[in-house]
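Engineer: Predicted model and sequence below, questions to follow.
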Amino acid sequence: MDEPGARHGPVPTAPPVPPGMRIREALQAARSMGLDRHDARRLMAHVTGRGSAWLLAHDDEPLAPFEATRFLDAAAQRAQGRPLAYLMGERAFHQLVLQVDERVLDPRPDTETLVDWALQCLQRPGAPAVPWVLDLGTGSGAIALALARACPQARVVAVDRSADALQVARANGDRLGLPVLWLQGDWFDDWRTAAQDGQATTGDGKPGQAPTQWPRRFDLIVSNPPYIAEGDPHLPALRHEPRTALVSGVDGLDDLRRIIAGASHHLAAEGALLVEHGHAQGPQVQALMEQAGGRPFSPRHDLAGHWRCTGAGWMGPEPAANAPAATGV
Ligand SMILES: C[S@@+](CC[C@H](N)C(=O)[O-])C[C@H]1O[C@@H](n2cnc3c(N)ncnc32)[C@H](O)[C@@H]1O
């Protein structure tokens, strides 16, 4: 969960805004604060409402004073490590645009690997026609909403312990019109009670629409839980994001242990659990899945080639006609 583009060292502050500051000059000022070219241009596009082609062709134009002030202020915050997504209020994720802020983790492109893998599982030959999917630790709703969009036949349930995060996720679901069921809970512990109490809300903005028939078990469980170790040297660079979304015990595996230990009690026959984790945690996560009775799939690697997603299939409580595919798809 490294946050690229932000520099460390002395904290830059926004320089005073000279009258008639041109786009080119403002971009240069942002670069001298430590922003990379890409971030500076995206912030400028956001502040001015102009596309990148227009900005390139008109970089001699003066900014309105309020635009220059807003841009330089945002650039100073970016230089101090605030995620670009928070400054812009949105993040593109798996063909969706999600609204995000400090209440949720800024969704990472690497997590699209987990979504793609989940979709392969849901769309493999012999997969249930109407699969039940559980996203544990949904944050902004990124994984749940991406799955609901790309696999409309799936019934997607999303859990987070943070009421703040669920507000963001629910608002994203409402805005995108995607029918995810949002529940507050501590991993597996509360979803059944919350569902029975009618606390679920769907993406159409109408509260209390819990389905009349909840599943006993899920066909697929996905999770990108907190997995950074307390004291990890990368944590200061991630200080703008909720600590509860990042840190998980002394070795970073506390939450993964709980999720993996609970999975078999909540998976249907031939169900699968797919999780994201740190790039050095793959062997431990796979071993935990095997110890919990799972049959590991071939792991998946992120955009940089690191082993970042691990999954396994469980035969489940009922006799299964077919074993889970060994490849995990
Ligand atoms: C790494 S973030 C992932 C957010 C989102 N799924 C994504 O990929 O962008 C982990 C999420 O797990 C949630 N979380 C942490 N502990 C939890 C728990 N015990 N039960 C449920 N959710 C939890 C956090 O609030 C946070 O939203």
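Structural biologist: Arrived safely.
Engineer: Run a quick neighbour tally on Gly129.
Structural biologist: Careful, residue 129 is Ala and not Gly. Residues near Ala129, counting by other Cβ atoms under 10 Å, number 5. In this view, the C-beta of every residue, glycine as well, is placed from N, C-alpha and C.
Engineer: what does the one 4 residues further on give?
Structural biologist: Summarising burial for Val133: neighbours were counted as other Cβ under 10 Å, giving 24.
Engineer: Repeat that for Asp116.
Structural biologist: Other residues close to Asp116 by other Cβ under 10 Å number 15.
Engineer: From here on, call the first residue 612.
Structural biologist: In the new numbering, first residue 612, that becomes Asp727.
Engineer: and the stretch 762-911 of the chain, which residues reach the ligand?
Structural biologist: Proximity of the stretch 762-911 of the chain to the ligand (Cβ under 6 Å from any ligand atom) is limited to residues 770-773, 776, 797-798, 835-837, 855-856, 866.
Engineer: where exactly do the helices run in the stretch 812-940 of the chain?
Structural biologist: Read by DSSP state H, counting those that start in this stretch, the stretch 812-940 of the chain holds these helices, from start to end of the chain: 865-874, 893-902.
Engineer: any idea whether the spatially most central residue of the chain is helix, strand or coil?
Structural biologist: For the chain, the residue nearest the mean C-alpha position is Pro718 (3.6 Å; Cα atoms, centre = their mean). What DSSP: H, G, I helix; E, B strand; the rest coil gives for Pro718 is coil.
Engineer: quick one: it and Leu709 touch, right?
Structural biologist: Yes: between Pro718 and Leu709 there is a contact under Cβ atoms under 8 Å: 6.5 Å.
Engineer: from the residues of the stretch 762-911 of the chain next to the ligand, which two are the most distant?
Structural biologist: The span of these, defined through Cβ to Cβ, is set by Asp797 and Asn835 at 16.5 Å.
Engineer: More neighbours: which of those two?
Structural biologist: Counted by other Cβ under 10 Å, Asp797 and Asn835 do not tie: Asn835 has more neighbours, with 27 against 11.
Engineer: Setting aside sequence neighbours, what's the nearest residue to that one?
Structural biologist: Nearest residue to Asn835, sequence neighbours excluded (Cβ to Cβ, 6 or more residues apart in numbering): Glu887, at 4.1 Å.
Engineer: try Arg653
Structural biologist: Nearest non-adjacent residue to Arg653, counting by Cβ to Cβ, 6+ apart: Leu695, 6.3 Å away.
Engineer: Could you do Val861 as well?
Structural biologist: Using Cβ to Cβ, 6+ apart and skipping the chain neighbours, the partner closest in space to Val861 is Glu841 (5.6 Å).
Engineer: Residues touching the host helix or strand of Val726, excluding its own?
Structural biologist: Assigned by DSSP states H and E, Val726 falls within helix 722-733. For helix 722-733, contacts defined as Cβ atoms under 8 Å, 6 or more residues apart in numbering pick out 704-705, 738, 742, 744, 753-754, 757-758, 761-762, 765, 830-831, 833, 835, 883, 885-887, 911-914, 919-920, 922, 939-940.
Engineer: And the helix or strand that comes right after it, what does it pack against?
Structural biologist: Per DSSP H and E, the first helix or strand lying C-terminal to helix 722-733 is strand 743-747. Contacting strand 743-747 under the criterion 3 or more Cβ pairs under 8 Å, 6 or more residues apart in numbering; DSSP states H and E are the following elements: helix 753-761, strand 766-771, strand 829-834.
Engineer: Now that we have these, can you turn them into TSV and tack on mean neighbour count and mean pLDDT?
Structural biologist: Putting the helices and strands packed on strand 743-747 into TSV (neighbours: other Cβ atoms under 10 Å; pLDDT from 0 to 100) gives the following:
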stretch	mean neighbour count	mean pLDDT
helix 753-761	26	98
strand 766-771	26	95
strand 829-834	26	97
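Engineer: who touches Thr680 in this structure?
Structural biologist: 625, 628.
Engineer: again, 10 Å this time
Structural biologist: 625, 627-628, 632, 658, 674 (Cβ atoms under 10 Å, 6 or more residues apart in numbering).
Engineer: what's the most distant pair in those residues?
Structural biologist: Pro627 and Val658 (17.3 Å).
Engineer: contacting residues for Val861?
Structural biologist: 840-842.
Engineer: which of the residues you listed has the weakest pLDDT?
Structural biologist: Ranked by pLDDT, these bottom out at Gly842 (94).
Engineer: which residue sits closest to that one, ignoring its sequence neighbours?
Structural biologist: Among residues not flanking Gly842 along the chain, Val861 sits closest, at 7.7 Å (Cβ to Cβ, 6+ apart).
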